[in-house]
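Student: sharing a sequence plus its predicted fold:
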Amino acid sequence: MPEPYVPEEAVTHGDGGTAALAIGEAQSLAKAPGAGPPGGAPGARARSLWSDAWHDLRRNPVFVLSALVIVFLVIIAIWPQLIADGNPYRADLAKAQQGPEAGHPFGYDTQGRDVYTRVVYGARASITVGVCATAGAALLGGLLGSVAGFFGGWWDVLLSRLADIFFGIPILLGGLVFLSVVTSSTVWPVIGFIVLLGWPQIARIARGSVVTAKQNDYVQAARALGAGNGRMLLRHIAPNAVAPVIVVATIALGTYIALEATLSFLGAGLKPPTVSWGIDISAASTYVRNSPHMLLWPAGALSVTVLAFIMLGDAVRDALDPKLR
Amino acid sequence: MRRTSRAKWGVWVAAGALAAAACGGGGTSGSDGAGIVSASWGDPQNPLEPANTNEVQGGKVLEMLFRGLKRYNPKTGAAENVLADRIDTKDSQNYTVKLKDGWTFSNGEKVTAKSFVDAWNYGALLDNKQKNAAFFQYIDGFDQVHPESGTAKAKTLSGLTVRDDRTFTVKLHQKFSSWPDTLGYSAFMPLPRTFYSKHAEWLKQPVGNGPYTVASYTRGSVLKMRKWDGYPGPDKAQNGGIDLRVYTDNNTAYTDLQAGNLDLVDDVPAAQLKNVKTDLGKRYINQPAGIIQTLTFPMYDADWGGAGKEKVRRGISMAIDRAQITEEIFQKTRTPATDWTSPVLKAAGGYKAGLCGDACVFDAAKARQLVKEGGGLPGGKMTITYNADTGSHKDWVDAVCNSINTSLDNDKACVGAPVGTFADFRNRISRKQMSGPFRAGWQMDYPLIQNFLQPMYYTNASSNDGKFSNAGFDKLVNEANAATDKSAAIAKFQDAQKILAAQMPTIPLWYQNGSGGYSDRISNVSLNPFSVPVYSDIKVK
Amino acid sequence: MGRYVIRRLLQMIPVFIGSTFLIFLMVYALGDPVAAMFGDRAPDPATAAQIRADLYLDQPLWKQYPHYMAQIFQGNFGTAFNGQPVTELMATAFPVTLRLTLIAVFIEMVVGIVLGVFSGLRRGRGIDTTVLVFTLVVVSIPTFVSGYVLQFLFGVKWQWATPAVSPDAPVNELLLPGLVLALVSLAYVTRLTRTSIAENARADYVRTAVAKGLPRRRVVTRHLLRNSLIPVVTFIGTDIGALMGGAIVTERIFNIHGVGFQLYQGILRQNSPTVVGFVTILVLVFLCANLLVDLLYAVLDPRIRYA
């Protein structure tokens, strides 16, 4: 079915999600010919797309910087006590909303808790949501999208319409309704919800690139030589189709973190005792006038994290796109 | 765009009509002009029928649109006769109501005994699905027009009889000495003929007998009330009218007030309390209202309601530093509670500070000891459930939990448990699914001590959400209701509260004040004991 | 072309049913809305039963959904709990949101395309990097943060705009909320334009035009921009549908009584007729926008033909 998939994929979800950033650009990847087949001088060992990209990335300051930030954030998420020896739950109401003082560089929140400690401990929930939701959406979307693209026909129609069904629901609205019923205070319902509404986006990208890859001469050749479906998918198509998915997923990761914060703002995100940037930002947002420090630090941490992941995705996309060399 | 600095306020009045026309952006009403006050409002949840309005937003409109037999004095809260000339009884069970002459609805129809009796019959009848039907339950024959299940067996209340144009009698099915004082509640308002004959039109533009009439009503966004010049009552409107504007977020309403686009807010958001005095100076109102906030325990849960658990409940109450929370979180717009009623009742109405005793006094060491003696928190921890959609409940619930945690010296003893929507919250309560204390707020329907106690703690009462049941308490309430002497009745109700102090089925947290703010365009602004602005008294400069 | 449109229209039917059923299911899962109507009082059972029967809530889910859909196809969207017909709510909410959306789209088009063209033509240079960083920073700030901050700065501190929108929602009051709403999509438009321009700038036809000696301005506006904007235009097409339903946060902060506002209220009160009714319309808008955009794409790019 010769549908142009470019316009369909570039869909945002209003003011809540930013999940489709640069997806329009990712198209060019899927369409880029010759991304996989061996090229270069005869006799020389062929440099793959991946080693090419890696070669580029190591020299890209944007990539190095964002990767360093992400490594740092992940370490903090795992061992917050490395840089914060306080207790994120310890509240002293007498100090509510007070500004910075010695030993408490970021000041206190409405409950008189140390903002610095809360910001450090908040990394875990936010990054868990981002990483797990992206992994889930990429796996589910990648699988269903590849199946739709590879087998085509009824599979394609069925899965594409299924994706449309989830696409049609405004993401914040779905989040409000879906998460209002949930009482669990863990991160899993939020992750589950993001995967549920996030997979179609990745499925479309995956489908598009599989469709393109399938038409490549070397795949046709492999089929002519009698390669089975499984082998075709794994050895020939997946390596080419996976690049755009990775790009979109990295960018989506940042936007999922921001989405969690917005859901918290609407009262449907993570719940205490989980410590998260989203919870703290939404609690502080109405206090911006009196106590901007309560908002600025967690919001800054969130923005830096989102920025790091989006920039990483951006750099990876540039490196993987041979047309932009 | 309406941007007005303070210096320009004088010009504002002169240019009122012009500005309103320019800023209205195609407003439909031509009567906009000087003397109109714009006030914040929330979308009422039900159609504006008197017997169907059970929340404060609809209540604001009814207060402007209707006058009943009695009205609660906006300052003292005392029930005073308005349309009633006399309400007589010899036995606290059979009442004769005599109306004053000269009252009409704004469409010219006379207010007669039939206007009341028909309205009450309408409100009580099951077929009309009025949410305040229960307010007519004391009238004889209620079980016929509104059975517990099935369909109505009669169309009218047998206890109501029209004697003549200005007289009707009421027979209650039990003695209730303070019943006449309940008649200021909006459910008891009279209704004109058009309410029944042209119901759909009436709902679009309600007609009543109060100081204001409805000029136009765009549901979900703005309701324009205008002064009724022919209003026969003594409390004529002091302004040209009120525009009630719907806001979803009270922060936005407050911001709009600051920017000069709104004259009156009746709910200052928690986040602005710190700066409200510098923003508004004397134009900030903070005065007691008949609202008490409590934490209710699920007494049906053996972990909380079992024998000996009153120690845990009392211990938790002592673990809460009410003074600090009302100071830091609420900036003194709440007062720590020491009984289960409200100071707006005044001593004469039965309010008595300190009835809760030492159980409402913060004492961390004793709290720890009591909780330990009572067997500790069930499973070592507790949650405080609240609805996250309205109000700033999160801030104080977290503060209460933090206070408990600090007192019990356990960071994870207590945690707030938000429920997404109020509907879901209510469903969990009515299905008895609460596994720990939950937020409860009680706003009085009428300023009577009975209204603060019976609906919540009497066995199987309509708002007894924790399912507390105590024979001694019930007995005292029955005796109080039957007492013909007011002070004797009050003494019984106060004795009943001592049982609450010992059992602690509900922790009194604080008395809520009404808070509001207004622009310097208007003056003489106050809130009544229900925390509703006294709209008709507002003067426009 | 005709066959293609018919096929797409047919495929819309299951998607429409699926989406509306999904949202119906979710609202149903929220539970019984009747208890909340009685405030802090336990509902009196007889009245509650009557209301449930009226709202068809006493029926099982598998009966409720077809009943509701049948009503909708007769033009009856039911009534909200305050007694107002949902169609009346729609009549007031959709024009407001449409105005807000158009303002947002206008801002993102003008600003986004200008920024995108400049950074695309000067790829890798100072201006490109600046714009890149700017768009990334904008994307990384959640809407409610930018909303509250801009509302306070513009509305209260500097008094450049009204902080809240009046019920009639005139265009001048919608500029600030429109900007807040546009911020996120603005970044997309900028980046899409940038990539597209950068790719096409090296295309043969542009080189030919330059070689012919055409003035640079003419090359950019006539040849380059026209072809580069195809993906941008189609993106904006789909964005309109998405923005209309997604402005829940912006509409709440600025007190705009549009679609997002009604949906939020509807969810809080578990008012299923409002929520499902609005979403039904939104799904239709979304599906039609998708189809239109695909067709538009074919019109703009003659290389694409639908069979």
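Tutor: Received, thanks. Residues are numbered from 1 along each chain as shown, chains lettered A, B, ... in the order given.
Student: which parts of chain A are helices?
Tutor: A:6-9, A:23-31, A:49-58, A:61-78, A:115-151, A:153-167, A:171-180, A:188-214, A:217-224, A:229-231, A:238-265, A:277-285, A:292-320 (DSSP state H).
Student: who in the stretch 1-150 of chain A is up against chain B?
Tutor: Counting by CB under 8 Å from any CB of the partner chain, the stretch 1-150 of chain A comes close to chain B at A:87, A:89-91, A:93-94, A:96-97, A:110-112. Just so you know, the C-beta spots here come from the backbone N, C-alpha and C atoms, and that holds for glycine as well.
Student: mind doing that once more with 6 Å?
Tutor: Taking CB under 6 Å from any CB of the partner chain, the part of the stretch 1-150 of chain A that reaches chain B is made up of A:89, A:91, A:93, A:96, A:110-111.
Student: measure the residue lying closest to A:Gly174 once chain neighbours are set aside to chain B for me?
Tutor: With sequence-adjacent residues excluded and distances taken as CB to CB, 6 or more residues apart in numbering or on different chains, A:Gly174 is closest to A:Leu197, at 5.6 Å. Remark: distance between A:Leu197 and chain B (CB to the nearest CB, to the nearest Å) = 17 Å.
Student: please name the residues that touch A:Leu197.
Tutor: Contacts for A:Leu197 (CB atoms under 6 Å, 6 or more residues apart in numbering or on different chains) come out as A:166, A:171, A:174.
Student: B:Asn107 and B:Lys114, how far apart?
Tutor: Per CB to CB, to the nearest Å, B:Asn107 is found 16 Å from B:Lys114.
Student: ok, these two, which is more surrounded?
Tutor: When B:Asn107 and B:Lys114 are compared for neighbours, B:Lys114 comes out ahead with 15 against 12, by other CB atoms under 10 Å in any protein chain shown.
Student: B:Phe116 touches B:Pro190, doesn't it?
Tutor: Yes. With contact defined as CB atoms under 6 Å, B:Phe116 counts as touching B:Pro190 (4.8 Å).
Student: next one: stretch B:353-363 to chain centre, how far?
Tutor: 25 Å (CA atoms, centre = their mean, to the nearest Å).
Student: so for it, what gets flagged as buried?
Tutor: B:355-356, B:359-360, B:362-363 (16 or more other CB atoms under 10 Å in any protein chain shown).
Student: try stretch B:144-160
Tutor: Buried residues in stretch B:144-160 (16+ other CB under 10 Å): B:144-146, B:152, B:154, B:156-157, B:159-160.
Student: just the pLDDT for residue 49.
Tutor: Reading this off chain A. Note for A:Leu49: predicted pLDDT of 67.
Student: I was thinking of chain B, sorry if that wasn't clear
Tutor: So, for B:Glu49, pLDDT stands at 93.
Student: so who does it touch?
Tutor: Counting by CB under 6 Å, 6+ apart, B:Glu49 has no contacts.
Student: how does it look with 8 Å?
Tutor: Contacts for B:Glu49 were tallied using CB atoms under 8 Å, 6 or more residues apart in numbering or on different chains; they are B:130, B:195, B:203.
Student: just send those back as a markdown table, with neighbour count and secondary structure too.
Tutor: Output for these, formatted as a markdown table (neighbours: other CB atoms under 10 Å in any protein chain shown; DSSP: H, G, I helix; E, B strand; the rest coil):
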| residue | neighbour count | secondary structure |
| --- | --- | --- |
| B:Gln130 | 26 | coil |
| B:Phe195 | 22 | helix |
| B:Leu203 | 17 | helix |
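Student: just these that are near chain C?
Tutor: B:130, B:203.
Student: get me the contact residues on chain B for chain A.
Tutor: Near chain A, when you scan chain B using CB under 8 Å from any CB, you find B:251, B:269-272, B:274-275, B:321, B:324-325, B:328-329, B:388-389, B:394-395, B:398-399, B:402-403, B:405-406, B:411-412, B:415-421, B:424.
Student: before we move on, the earlier item: closest to chain B out of the contacts of A:Leu197?
Tutor: A:Gly174 (13.2 Å; CB to the nearest CB).
Student: state the distance from the closest one to B:Leu157.
Tutor: Distance from A:Gly174 to B:Leu157, by CB to CB: 48 Å.
Student: tell me which two in the residues of the stretch 1-150 of chain A next to chain B are the farthest apart.
Tutor: A:Tyr89 and A:Ala96 (15.0 Å; CB to CB).
Student: more neighbours, those two?
Tutor: Taking other CB under 10 Å, A:Tyr89 and A:Ala96 do not tie; A:Ala96 has more neighbours (23 against 19).
Student: wait, doesn't that one sit right on A:Tyr108?
Tutor: Yes. Between A:Ala96 and A:Tyr108 there is a contact under CB atoms under 8 Å: 6.4 Å.
Student: low-confidence ranges in the stretch 201-325 of chain A?
Tutor: Flagging of the stretch 201-325 of chain A using pLDDT under 70 yields the residue ranges A:321-325.
Student: need the residues of it near chain B, please.
Tutor: Looking at chain B, the residues of the stretch 201-325 of chain A close enough under CB under 8 Å from any CB are A:267-268, A:271-273, A:283, A:286-287, A:289-290.
Student: any weak-confidence spans in the stretch 151-300 of chain C?
Tutor: C:238, C:241, C:245-246.
Student: ranges for the helices of it?
Tutor: Assigned by DSSP state H, counting those that start in this stretch, the stretch 151-300 of chain C shows helices spanning C:175-200, C:204-211, C:216-218, C:226-246, C:248-253, C:259-268, C:272-300.
Student: elements contacting the fifth one?
Tutor: Helices and strands touching helix C:248-253, by 3 or more CB pairs under 8 Å, 6 or more residues apart in numbering or on different chains; DSSP states H and E, are helix A:171-180, helix C:86-121, helix C:143-150, helix C:175-200, helix C:259-268.
Student: that older thread, okay, who's weakest in the contacts of A:Leu197 by pLDDT?
Tutor: Among the contacts of A:Leu197, pLDDT bottoms out at A:Ile171, giving 81.
Student: returning to that earlier point: tell me the spacing between the residue nearest to A:Gly174 and A:Arg204.
Tutor: 13 Å.
Student: nearest to chain C: which residue in the stretch 201-350 of chain B?
Tutor: B:Ser221 (3.8 Å).
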